[in-house]
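*Asks:* just coords:
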C-alpha cells in the first residue's frame, strides 16, 4: 500500500494498493470506542474503495462498504452502504452529545476539519427510540454542504408503514411523513406503542393511561412540519383517515367517561354494562375516523362508532 495524505488540500491525497486488517482498536474518544474487527480496502488513484468492513462502534455492530474520495473543495465525498442489526437511537444521541473528552476547540478553528458530503444507504433490522421500535428501517442519507437530507424508503412502526423525507440543518428541521396500514391487528399495534396517553402531575411523576382494544384496522395519513426540533409538535400539520371493524374496546378513557355520563343521565337502557367492559369489552361493528393536526391540537372532522348496543358520532 502506498498513500499520500494532504490535510490542507485533500484533492492531492491518493492511495494505491491493497490493505487488510483486523482487531484494531481506535481510542480517540473513550466514550465511543471503535473496534475494527476486520476490513479489506484498496486504492485507485484518489479513490479509496472499502470492500468490506466489520466494525463495532459504541457496542453497536456495523457492516460497511463503498468508496471515499477527496473532493476539490477540501471535502471528503462518501458513497457508502452501512448495515446494522439493531440501533438504539437513545444511546446514539447521548453518545453524540457527549463527544470526546477534550472538547476544547483548536485556536482559530471555525468548522470541522474534514466536512463530509455524499450519500449513505443505511439499513437496520430494528431501530429503537424511547419505547418505540421501527422494524425494519431503510433510509438514504444525502450529506450536503448546508444540510442533511434523509429519505426514509422503508420503515414499519408497530405495523404502520412510515415512509417520508427529513431535512436537518442548523436552522430548522423539516419533515414530510406518510402513514399507511392495511388490515392490521389493532391489539398488536396498541401493545407495541405501549403508551397511548401520558400526563405529568405537578410533581413531575409520569402517569400512564392505556387504550386496550382489538379488531382489524386500516389507516392512511400524512404529516408535515418545519421549525426547531423542540417546536415541531406545535407547528406540525397533518391529516389522517382510519377505520376498524369487528372488535371490542376493553379500556378507553374517553369512551368510559362518555358511557358514565350517559348512564348517569339515564340515557342508556342497560344494554351497556360498564363493569363488564374490561372483561367482555364494548363490541363494535365499525369505527371510522377523519382527523387533522393543527397548532398542536387534533381536530376530529368525523368519528363514528357503530356498535350493537350503541352508536356514537364525535366532532370536535
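*Replies:* Nice, thanks for sending it over. Model, not experiment: these values are computed from the prediction. Numbering: from 1, shown residues only.

*Asks:* what sits against residue 221?
*Replies:* Contact partners of residue 221, counting by C-beta atoms under 8 Å, 6 or more residues apart in numbering, are 178-179, 238-242. (Glycine included, C-beta is placed from N, CA and C.)

*Asks:* what do you get if the cut-off is 6 Å, keeping everything else the same?
*Replies:* Residues in contact with residue 221 (C-beta atoms under 6 Å, 6 or more residues apart in numbering) are 179, 239-240.

*Asks:* secondary structure element holding it?
*Replies:* Residue 221 is part of strand 216-227 when elements are defined by DSSP states H and E.

*Asks:* in its sheet, which strands sit next to that strand, and in what direction?
*Replies:* The pairing partners recorded for strand 216-227 under DSSP bridges are strand 173-185 (antiparallel), strand 237-251 (antiparallel).

*Asks:* let's have the contacts of residue 221 in a markdown table, adding pLDDT.
*Replies:* Shown next, in a markdown table, are the contacts of residue 221 (pLDDT from 0 to 100):
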| residue | pLDDT |
| --- | --- |
| 179 | 96 |
| 239 | 96 |
| 240 | 96 |
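
*Asks:* if we can go back for a sec, can you name the next helix or strand after the strand holding residue 221?
*Replies:* helix 232-235.

*Asks:* re earlier: next, format the strands paired with strand 216-227 as a markdown table and append distance to residue 128.
*Replies:* Formatted as a markdown table, those follow (distance: least, C-beta to C-beta, whole Å):
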| stretch | distance to residue 128 |
| --- | --- |
| strand 173-185 | 18 |
| strand 237-251 | 24 |
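
*Asks:* to residue 147, which of these lies closest?
*Replies:* Of all the strands paired with strand 216-227, it is strand 173-185 that lies closest to residue 147, at 8.9 Å by C-beta to C-beta.

*Asks:* following element in sequence after the closest one, please.
*Replies:* For strand 173-185, the succeeding helix or strand toward the C-terminus, using DSSP H and E, is helix 186-193.

*Asks:* hang on, the earlier thing: would you list the strands paired with strand 216-227 in CSV and tack on distance to residue 56 and mean neighbour count?
*Replies:* CSV is the format used below for these (distance: least, C-beta to C-beta, whole Å; neighbours: other C-beta atoms under 10 Å):
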stretch, distance to residue 56, mean neighbour count
strand 173-185, 30, 16
strand 237-251, 39, 17
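
*Asks:* so for residue 309, which of these sits nearest?
*Replies:* Nearest to residue 309 among the strands paired with strand 216-227 is strand 237-251; the distance by C-beta to C-beta comes to 11.8 Å.

*Asks:* distance of residue 296 from residue 221?
*Replies:* Counting by C-beta to C-beta, to the nearest Å, the gap from residue 296 to residue 221 is 17 Å.

*Asks:* got it, and residue 120?
*Replies:* On the measure of C-beta to C-beta, residue 120 and residue 221 end up 28 Å apart.
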